[in-house]
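**Q** Sequence below, structure please.
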Amino acid sequence: MDTLFQDFPRFNFDNGSEPMYTNHNLVNGFKEGSPESPDGYASSSGSCVQGHPLDNIPFANEMLKYINEMLMEEDLQEKSCMLQDCLALQAAEKSFYEVLGHQYPLSLHPISPFPDDNLTQTSNSYNITGTNSVKSSTGMFGSLERTSLSEPFTESPHSGDKVLLPPQSSLSSPCVPDGRYKSPLSSKGRKNYQREDGDYLEEGRISKQSATSLEDSEHSDIFDKVLLCKGENEVSPKFSLNGNSPKNGQLKGSITGGTGSRRKKSNKRSEVVDLWSLLTHCAQSVAINDQRTANELLKQISQHSSDSGDGTQRLAHYFGNALKTRLAGKGAPSYLHLGSNKTSAADVLKAYGVYVLACPFKKMSNFCANKKIMEIAEMAATLHIVDFGICYGFQWPCLIQRLSARAGGPPKLRITGVEFPQPGFRPAERVEETGRRLKRYCERFNVPFEYNVIAKKWETIQLEELKINYDEVVVVNCMHRLKNLPDDTMAPTSARDTVLKLIKSINPAIFIHGVANGTYNAPFFVTRFREALFHFSAQFDIFEANVCREDAERMMYEKEVLGRDVMNVVACEGSERVERPETYKQWQARTLRAGFKQAPLEQELMKKVRNMVQCNYHRDFAVDVDGRWMLQGWKGRVIYALSFWKPVKNDPYL
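**A** Model prediction:
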């Protein structure tokens, strides 16, 4: 494995046990201060901002520790991914009611299955009271938002409502060794979508890593050293991800994967195939139910695509499968049947760990959100976070650690985890598990903790269920999950507007809204298909540029996360289609109508975020600002957006 980490001066395999996320074939990523930094990446030498020691840690560290501790749970291999389960239930219930000819009910009233004396139930919310006056429960797997398109296709004819990152961005110049600014839209970043027959078969596929063993007692200490915040005089966690310090900043070996895999083989006569055109023409044939033409095109797509090929071939593989399913009329395989081998939650979490290491989107959003929460809670005695879409709660371990170091002592932390119900008789079970994990973190850092669970349809939640106290600072957090609510075409009353009005009635000190920027929600299939191609192409391109093709966790993420979403967007219609994103401009109009005003972004915070991305990630990742939105993108295309909102009080026009 050493040969796969030549450009990782932070990794060392000479001795010590190996944590779960050090054994991944990241290519040229996370380069730190090396004078030989290649042109395609940013060097951190000479330009990285120094600050508080807690600010300089890699933002993924606490999240990765949290994931590794989850992987040590014995029953995780037997469970499926939480988010996929709840979205599957949502689609299945609506479809079932439509078949029966009945209206889908607005609320669910599950029977409480918990015999414990310390469990109380209010409507569809659950509250577990732990020892030492600490209450807890559990959460679910965060929606893994997807990216958009790589540079050659940023000029989509159907993308008029997108706001693309400008070529001459307001970003500060990347940390390139020669000091020159190189645009993310430069021709060097272009992909060749003309594929060759002889170049799509990959050999030597590695076997999947097993889950972390419970018998490895060294892991806990290693991850404590790696993932918790260090002082200024201690080795930064990013330099000791393996528990060892690097030697001379380099490791022996050779680079595998990356740009070298894109070279065409000159010793073979290969047929050139345009998979993009094949997919588009096939979608048009499927739209008019031209079975013969569609099947012929699907056969060609199948011959030239592969789930282990390059990024374009993988994209074509999953879109081809979705088109085949739609053509066959099997309208509901998106979350219910895709991956029928029951991939365990442990495998999905390991795959998510690779995504976190390779891509800064989640980490930057969480970093900005937590900084804003710390600012709001500076003098608070009680901090109450209402988290819509808490999932597995990856965002909160780092905040808990920061709160423990607050001057004057930590506040009491209350978290209300809001999620969709899980299938079965215990709709809140998995969300409660998240609370128990967060409780352990709070006990470790001596932060008083209380946790409340609400597992029901978000648009049916009442203000009283949130148990808001008037002597506490309330923060509402929603990271990239409102896209899973029914849009305005699904019901006379907009579920999205209803939830925003609920948040307004909470009267939070701040509403943190993370948005997955997407336009693949058109009612017309061909238009939606084209936009989905643009959107998911960027996600596959990110992996192609940063993670080796043979990495088992990369392939798992592409199958279980990207593949499922592609299937849902392409093969499903009506209530079965749960992936319904909007652009951040559309969300801005919605939020303003609901009675909010946008809070400004701090320039110093944006400077830190840009610096972190430029100095630690591939140079084609970009951060920019549009109005009061922080935008994150890949090769010039906006993928995620983040903004802070405050309720407008006593406005007679709202």
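
**Q** helices or strands up against the longest helix along the chain?
**A** With secondary structure taken from DSSP state H, the chain has its longest helix at helix 525-546. Packed against helix 525-546, as judged by 3 or more Cβ pairs under 8 Å, 6 or more residues apart in numbering; DSSP states H and E, are the following elements: helix 275-287, helix 311-328, helix 345-358, helix 564-571, strand 629-634, strand 637-647. (C-beta placed from N, C-alpha, C; glycine too.)

**Q** rank the ones you listed by mean pLDDT and give me the bottom one.
**A** Set side by side, the helices and strands packed on helix 525-546 give their lowest mean pLDDT on helix 345-358, at a mean of 89.

**Q** CA atoms of that helix as PDB?
**A** C-alpha atoms of helix 345-358 as PDB (Å, rounded to 0.1, in the frame of the first residue of the first chain):
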ATOM      1  CA  ALA A 345     -24.500   0.500   7.200                       C
ATOM      2  CA  ALA A 346     -20.900  -0.200   8.100                       C
ATOM      3  CA  ASP A 347     -19.900  -0.600   4.500                       C
ATOM      4  CA  VAL A 348     -21.700   2.600   3.500                       C
ATOM      5  CA  LEU A 349     -20.100   4.500   6.400                       C
ATOM      6  CA  LYS A 350     -16.600   3.400   5.300                       C
ATOM      7  CA  ALA A 351     -17.400   4.600   1.800                       C
ATOM      8  CA  TYR A 352     -18.600   7.900   3.200                       C
ATOM      9  CA  GLY A 353     -15.300   8.200   5.000                       C
ATOM     10  CA  VAL A 354     -13.500   8.200   1.700                       C
ATOM     11  CA  TYR A 355     -15.800  10.900   0.400                       C
ATOM     12  CA  VAL A 356     -15.000  13.000   3.400                       C
ATOM     13  CA  LEU A 357     -11.300  12.600   2.900                       C
ATOM     14  CA  ALA A 358     -11.400  13.400  -0.800                       C
END
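
**Q** The helix or strand that it is followed by vs helix 345-358, what angle?
**A** The helix or strand immediately downstream of helix 345-358 is helix 361-376, counting by DSSP states H and E. With axes from the mean of the first three to the mean of the last three Cα atoms, to 10 degrees as the basis, helix 361-376 and helix 345-358 are set at 80 degrees to each other.

**Q** Residue 519: what's its closest spatial neighbour, skipping adjacent residues?
**A** Spatially, and ignoring its direct neighbours in sequence, residue 519 is nearest to residue 531 (4.7 Å; Cβ to Cβ, 6 or more residues apart in numbering).

**Q** What's the separation between the one you found and residue 567?
**A** Here residue 531 is placed at a distance of 16 Å from residue 567 (Cβ to Cβ, to the nearest Å).

**Q** And residue 422, what's its pLDDT?
**A** Residue 422 is assigned a pLDDT of 88 by the prediction.

**Q** my bad, should have said residue 63
**A** Here the pLDDT value assigned to residue 63 is 67.

**Q** Next: the one 10 residues further on.
**A** At residue 73, the pLDDT value in this model is 64.

**Q** one step back: so can I have TSV of the helices and strands packed on helix 525-546 showing mean neighbour count and distance to residue 367?
**A** Below are the helices and strands packed on helix 525-546 laid out as TSV (neighbours: other Cβ atoms under 10 Å; distance: least, Cβ to Cβ, whole Å):
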stretch	mean neighbour count	distance to residue 367
helix 275-287	20	35
helix 311-328	23	27
helix 345-358	24	12
helix 564-571	26	25
strand 629-634	25	11
strand 637-647	24	10
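
**Q** Please produce a markdown table containing the ones you listed, extended by distance to residue 451.
**A** A markdown table is the format used below for these (distance: least, Cβ to Cβ, whole Å):
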| stretch | distance to residue 451 |
| --- | --- |
| helix 275-287 | 45 |
| helix 311-328 | 37 |
| helix 345-358 | 20 |
| helix 564-571 | 29 |
| strand 629-634 | 29 |
| strand 637-647 | 24 |
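
**Q** tell me, how many neighbours does the residue lying closest to residue 320 once chain neighbours are set aside end up with?
**A** Counting by Cβ to Cβ, 6+ apart, the nearest residue to residue 320 once its immediate chain neighbours are dropped is residue 301, at 4.1 Å. Using other Cβ atoms under 10 Å as the criterion, residue 301 is surrounded by 23 other residues.

**Q** what about the protein, any weak spots by pLDDT?
**A** Counting by pLDDT under 70, the chain shows low-confidence ranges at 1-63, 66, 70-271, 330-342, 650-654.

**Q** hey, where'd the strands end up in it?
**A** Along the chain, the segments classed as strands by DSSP state E run 119-122, 125-129, 135-136, 194-196, 272-274, 382-388, 412-419, 449-455, 473-479, 510-516, 596-599, 621-626, 629-634, 637-647.

**Q** Check which helices and strands the longest one sits against.
**A** Using 3+ Cβ pairs under 8 Å, 6+ apart as the contact criterion, the elements in contact with strand 637-647 are helix 361-376, strand 510-516, helix 525-546, helix 584-593, strand 596-599, strand 629-634.

**Q** how near is the closest residue to residue 544 other than its chain neighbours to residue 301?
**A** Sequence neighbours aside, residue 311 is the residue nearest to residue 544 in space, at 3.4 Å (criterion: Cβ to Cβ, 6+ apart). Spatial separation of residue 311 from residue 301 under the definition Cβ to Cβ is 15 Å.

**Q** Same check on residue 498?
**A** Residue 498 sits 41 Å away from residue 301, going by Cβ to Cβ.

**Q** for residue 409, same thing?
**A** In this structure, residue 409 and residue 301 are 60 Å apart, going by Cβ to Cβ.

**Q** And for residue 376?
**A** Residue 376 is 50 Å from residue 301, by Cβ to Cβ.

**Q** Over to residue 616?
**A** When distances are taken as Cβ to Cβ, residue 616 and residue 301 turn out to be 37 Å apart.

**Q** so residue 627 sits right up against residue 598, yeah?
**A** Yes: between residue 627 and residue 598 there is a contact under Cβ atoms under 8 Å: 7.4 Å.

**Q** These two: which is more packed in?
**A** residue 598 (17 against 13).

**Q** Okay, the more buried one and residue 278: tell me how far apart.
**A** Residue 598 sits at a distance of 43 Å from residue 278 (criterion: Cβ to Cβ).

**Q** Between the helices and strands packed on helix 525-546, which one is closest to residue 444.
**A** Put simply, out of these the one that sits nearest residue 444 is helix 345-358, at 20.5 Å, with distance taken as Cβ to Cβ.

**Q** and that closest one, what does it pack onto?
**A** Helices and strands in packing contact with helix 345-358 are listed as helix 61-71, helix 361-376, helix 525-546, helix 552-557; criterion 3+ Cβ pairs under 8 Å, 6+ apart.

**Q** quick one: residue 308 and residue 556 touch, right?
**A** No: checked against Cβ under 8 Å, the pair residue 308 and residue 556 is beyond contact range at 11.9 Å.

**Q** Which of the two has more residues huddled nearby?
**A** Using other Cβ under 10 Å, the more surrounded residue of residue 308 and residue 556 is residue 556, with 21 against 18.

**Q** Skip the chain neighbours and tell me the closest residue to the more buried one.
**A** Here the nearest residue to residue 556 in space, its sequence neighbours aside, is residue 351; by Cβ to Cβ, 6+ apart that works out to 3.9 Å.

**Q** show me what contacts the one you found?
**A** Counting by Cβ atoms under 8 Å, 6 or more residues apart in numbering, residue 351 makes contact with 553, 554, 556, 557, 560, 561.

**Q** again, 10 Å this time
**A** 81, 144, 208, 343, 551-561 (Cβ atoms under 10 Å, 6 or more residues apart in numbering).

**Q** Between the residues you listed, identify the one with the most neighbours.
**A** By neighbour count, taken as other Cβ under 10 Å, the most surrounded of these turns out to be residue 81 (29 neighbours).
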